[in-house]
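1. Mind folding the following:
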Amino acid sequence: MKHFFLLILFSSICFAQESKEDSISSQQKPEKPPINLYKIYTLQKDTTFVDTTLTIQKEYKYNLLRKDIFGLIAFANEGHTYNTLDFNYSNKSIFPNMGFTAKHFNYLEVNDIKYYNVPTPLSDLYFKTVMTQGQSLDAFLTVNTKPNLNFSIAYKGLRSIGKYINNISSSGNFRFTTSYFTKDKRYFLNAHFTGQDISNQENGGITDISLFEISEPPFDNRERLDVYFRDATSFLKGHRFFIDHYYKLNKNNPNNLVIFHQFNHEYKFFEFTQPTLSERFGDSFSTRINNKTRYNHLYNKVGTAFTTKKYGDVSVFLEDNAFNYYYSNIIYDEFGNIQVPNALNDRITSLGGNYSYNINKLKINASVTNSITDQNVSAIEANLQYKINEDYQFGFKYSKLNTIPNLNFSLYQSSYVEYNWANNFKTEKRNQFQAEAKTKWLNLEVNYTVLNDYLFFANETNDIADLQVKPFQYANTINYLSVKANKEFRVGKFALDNTILYQAVDQADNVLNVPQIVTRNTLYFTDYVFKNAMEIQTGIIFNYFTEYYANDYNPLLGEFYVQNETKIGNFPMFDFFINAKVKQTRIFLKAEHFNSSFTGYNFYSAPNYPYRDFLVRFGLVWNFFK
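-> Prediction:
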């Protein structure tokens, strides 16, 4: 309900803004600034501008994450987790993260935050209906109080009850940003604060998939299907304060010395509660479950860079990464020795350097980072891009990473007896080669990765009804290859957009499981109606992936784990959409998975977790410019 009131409040502000514009227009209001002056920055200084066009990419990004999710498959309810089809979808950090990765898809990380510079106030409103009794809303407002000072504030809220027992999703993502530079353009600052919470009722999946696959009354009503857990809940919450700033010693000299600093402080916790014990997780120390994992992270990066017009830019930096990951209790063995400690804390100090060169059509970037403390942490990355023209661009990237495992691999505590461990794993080693070509004929990406000491979760019992999931480190080498191709064909007002991913894994055991083929094909039509006052776009989206042993989901850990007993996939997913644009408003209407009732009820996001039934959803994205 609070999201609905927020929508009304934000809409009222926007309508007031629009009404004010109408009243001023009769007084010969000055012409609006061009759209390319409404700039959006990333932390890496990549710059784009606000885009209010209606494209097929807007359709792909019209979801809770606000980005293209090709390579992911969503669970039945909005705001739950996603299973990963494309191994390349997530980036790897050399520093340890908290873990509980299945709960972080909707958690905004440092690199997800954008910064702004706008000539007039800009607002953005995203609204979309959900599965049952709720809504998804993302409201954003940014303003430059001075040409060199920007503020933005935004809140993304979700509530959806879902179709199954004990499946409510609720989340809130608040963010506040500011950007500033001095009038002489020697000092620049970007900073943000985020407060985020993600809550999911966890039902553990349905207990009898045969009833789902028959889907005869009364089991076509999904609330009649029994589930493993009826009162379990997971909750992720975090606050982060971040600053990135730098100072140029010279004002206008192209050869300049720059001092920079980056600061990040974040506190998070993950909590799993379950008043009624489940035999699926084994024996318990207590009569009810309340597991809580806390995480504090403090990061500082200080360095200096020498920029030149002729020879490129060189920088050196020092990184200090401190963390404290902890529980309330210490677990002892029968002899009084510590079996599982209550905390992991460490400080990793690294020394690094970076070289970048940009001249004409060529961009080169190379960086090296290596720990100077006891930990074996390092990263070597090299990136080359060559742009002949707008039709032909080529790139190559190599990276060699030694990464510390996520902390829940090393330490975990639970009231369930089997879910307590303290490990001392080796660092993971990753060698990755990437090449891409963007041409007017085809866009192609090739990735080859060699993995050593790969870490994963797996179920010791090999029984989906008996979950004894633990972390493991693979002793052999894994070779992974992917080829991704994209091309859109246009004939008049019709277009066919195609993306296909091929993946292959060479390994002695089935540790890294991926579908061989993932594809998305969209046939759509674009035209203008009502005397060109409205642009419409309508079509059909086809999604498909080949059958494979998909990772299963463990809600107690908030992680996916490897299993080799049940295959999913090999089912078509068709969506029909009609989208429209009026001025700066894009309206979206979609019939999702409309083929579900006549192509067979064998569609799953993970074993025992069905994918979504046929559903009609609608919403809008609305931009306002003062």
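2. mean confidence for stretch 417-428?
-> Taken as a whole, stretch 417-428 has a mean pLDDT of 95.
3. first vs last residue of it, how far apart are they?
-> Stretch 417-428 has an end-to-end distance of 28 Å (criterion: Cα to Cα, to the nearest Å).
4. Now tell me what touches that stretch from outside.
-> Outside of stretch 417-428, the residues within contact range by Cβ atoms under 8 Å, 6 or more residues apart in numbering are 281-285, 331, 339-341, 375-377, 401-405, 409-414, 451-455, 468-471, 473, 556-557. For the C-beta atoms, the positions are set from N, CA and C on the backbone; glycine is no exception.
5. ok, now with 6 Å
-> Contact with stretch 417-428 is made by 282-283, 331, 340-341, 376, 402-405, 410-413, 453, 455, 468, 473, as judged by Cβ atoms under 6 Å, 6 or more residues apart in numbering.
6. List buried residues within the residues you listed.
-> The neighbour count (16 or more other Cβ atoms under 10 Å) marks 331, 340, 402-405, 410-413, 453, 455, 468 as buried among the contacts of stretch 417-428.
7. Mark which of these are part of helices, please.
-> Mapping those onto helices (DSSP state H) picks out Ser410.
8. Export the buried ones among the contacts of stretch 417-428 as TSV, with columns for pLDDT and distance to Asp138.
-> Formatted as TSV, the buried ones among the contacts of stretch 417-428 follow (pLDDT from 0 to 100; distance: Cβ to Cβ, whole Å):
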residue	pLDDT	distance to Asp138
Ile331	90	42
Val340	94	40
Asn402	96	37
Thr403	95	32
Ile404	95	34
Pro405	95	33
Ser410	96	35
Leu411	97	35
Tyr412	97	33
Gln413	97	35
Asp453	97	39
Leu455	97	34
Gln468	95	39
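9. will you turn the buried ones among the contacts of stretch 417-428 into TSV that also has distance to Ile587?
-> Shown next, in TSV, are the buried ones among the contacts of stretch 417-428 (distance: Cβ to Cβ, whole Å):
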residue	distance to Ile587
Ile331	55
Val340	54
Asn402	49
Thr403	44
Ile404	47
Pro405	46
Ser410	48
Leu411	49
Tyr412	46
Gln413	49
Asp453	50
Leu455	45
Gln468	49
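10. Out of the buried ones among the contacts of stretch 417-428, which comes closest to Tyr164?
-> The closest of the buried ones among the contacts of stretch 417-428 to Tyr164 turns out to be Gln468 (Cβ to Cβ; 24.7 Å).
11. Distance-wise, check that closest one relative to Phe425.
-> According to Cβ to Cβ, to the nearest Å, Gln468 and Phe425 sit 19 Å apart.
12. In strands only, show me the contacts of stretch 417-428.
-> Ile331, Val340, Asn402, Thr403, Leu411, Tyr412, Leu455, Gln473 (DSSP state E).
13. TSV please, covering these and showing distance to Val529.
-> Listed next are the ones in strands among the contacts of stretch 417-428 as TSV, based on distance: Cβ to Cβ, whole Å:
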residue	distance to Val529
Ile331	67
Val340	65
Asn402	57
Thr403	53
Leu411	60
Tyr412	57
Leu455	54
Gln473	59
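14. Show me which pair in those is furthest apart.
-> Largest separation among these by Cβ to Cβ: Ile331 and Asn402, giving 30.2 Å.
15. Break down this protein into its helices, ranges please.
-> Ranges of helices in the chain, per DSSP H, are 2-25, 56-60, 209-214, 407-410.
16. Quickly, which of those helices bottoms out on average pLDDT?
-> Across these, helix 2-25 gives the lowest mean pLDDT, at a mean of 45.
17. center of this protein - which residue?
-> Centroid check for the chain by Cα atoms, centre = their mean gives Phe105 as the closest residue, at 4.4 Å.
18. how about that one, what does it touch?
-> Going by Cβ under 6 Å, 6+ apart, Phe105 touches Tyr82.
19. Need phi/psi at it.
-> The phi and psi values for Phe105, taken as degrees, to the nearest 10, are phi -60, psi -40.
20. Gln563: neighbouring residues, count only.
-> Around Gln563 there are 22 other residues, counting by other Cβ atoms under 10 Å.
21. Name the nearest residue to Phe188, ignoring sequence neighbours.
-> Nearest non-adjacent residue to Phe188, counting by Cβ to Cβ, 6 or more residues apart in numbering: Phe181, 4.6 Å away.
22. Could you report the neighbour count for that neighbour?
-> Each residue near Phe181 was counted by other Cβ under 10 Å, and the total is 17.
23. what do you get for the one 3 residues further on?
-> Counted by other Cβ under 10 Å, the residues lying close to Asp184 total 9.
24. I figured it hits Leu249, correct?
-> No: contact criterion Cβ atoms under 6 Å: Asp184 and Leu249 do not qualify, at 11.8 Å.
25. If Thr349 is in a bridge, with which residues?
-> With DSSP bridges as the criterion, Thr349 is bridged to Asp320.
26. Who are the contact partners of it?
-> By Cβ under 6 Å, 6+ apart, the contact set of Thr349 is Asp320, Ile372, Thr373.
27. so the first one touches Tyr299, yeah?
-> What it means is Asp320. No: the criterion here is Cβ under 6 Å, and Asp320 misses it with Tyr299 at 7.1 Å.
28. between these two, who's got more neighbours?
-> Tyr299 (18 against 14).
29. so who does the more buried one touch?
-> Applying Cβ under 6 Å, 6+ apart to Tyr299 gives the contacts Asn264, Asn321.
30. ditto for Phe603
-> Contacts of Phe603 (Cβ under 6 Å, 6+ apart): Phe571, Tyr611.
31. how near is it to Tyr187?
-> Separation of Phe603 from Tyr187 (Cβ to Cβ) stands at 54 Å.
32. Which stretches in the stretch 501-626 of the chain count as strands?
-> In the stretch 501-626 of the chain, the strands defined using DSSP state E, counting those that start in this stretch lie at 517-529, 534-545, 552-554, 559-561, 573-582, 585-592, 604-606, 609-610, 615-625.
33. helices or strands up against the longest one?
-> What it means is strand 517-529. The contact analysis (3 or more Cβ pairs under 6 Å, 6 or more residues apart in numbering; DSSP states H and E) places strand 517-529 against strand 494-506, strand 534-545.
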